[in-house]
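> All I have is the shape, not the residue letters:
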């Protein structure tokens, strides 16, 4: 079965306009200045906010 009419390039691209990838937003950690995701614990020092800190276990081989 064939399509009724050809879809123009503009109509096709307009439909797919919201499928574009967005870059990951990173912010510096206030404690160690390493890049981290906002509203997440720092992977380097474990800092979350002024009242909370997560202890990061060292990897043993």
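Good, I have the coordinates. Everything numeric in this text was worked out from a predicted model, so none of it was measured.
> Name the residues of stretch 8-24 that are buried.
By 16 or more other C-beta atoms under 10 Å, stretch 8-24 has no buried positions at all. All C-beta spots, glycine's among them, are computed from the backbone N, C-alpha and C.
> What lies in contact with that stretch?
The contact list for stretch 8-24, computed with C-beta atoms under 8 Å, 6 or more residues apart in numbering, reads residue 37.
> all helices of this protein, in order?
Applying DSSP state H to the chain gives helices spanning 9-15.
> quick one: the strands in this protein?
27-28, 35-36, 47-49, 52-53 (DSSP state E).
> just the ones you listed: most buried one?
Mean neighbour count, computed with mean count of other C-beta atoms under 10 Å, is highest for strand 35-36 among those, reaching a mean of 16.
> returning to that earlier point: next, format the strands of the chain as CSV and append mean pLDDT and distance to residue 10.
Compiled in CSV, the strands of the chain are given as follows (pLDDT from 0 to 100; distance: least, C-beta to C-beta, whole Å):
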stretch, mean pLDDT, distance to residue 10
strand 27-28, 94, 37
strand 35-36, 94, 38
strand 47-49, 85, 47
strand 52-53, 73, 50
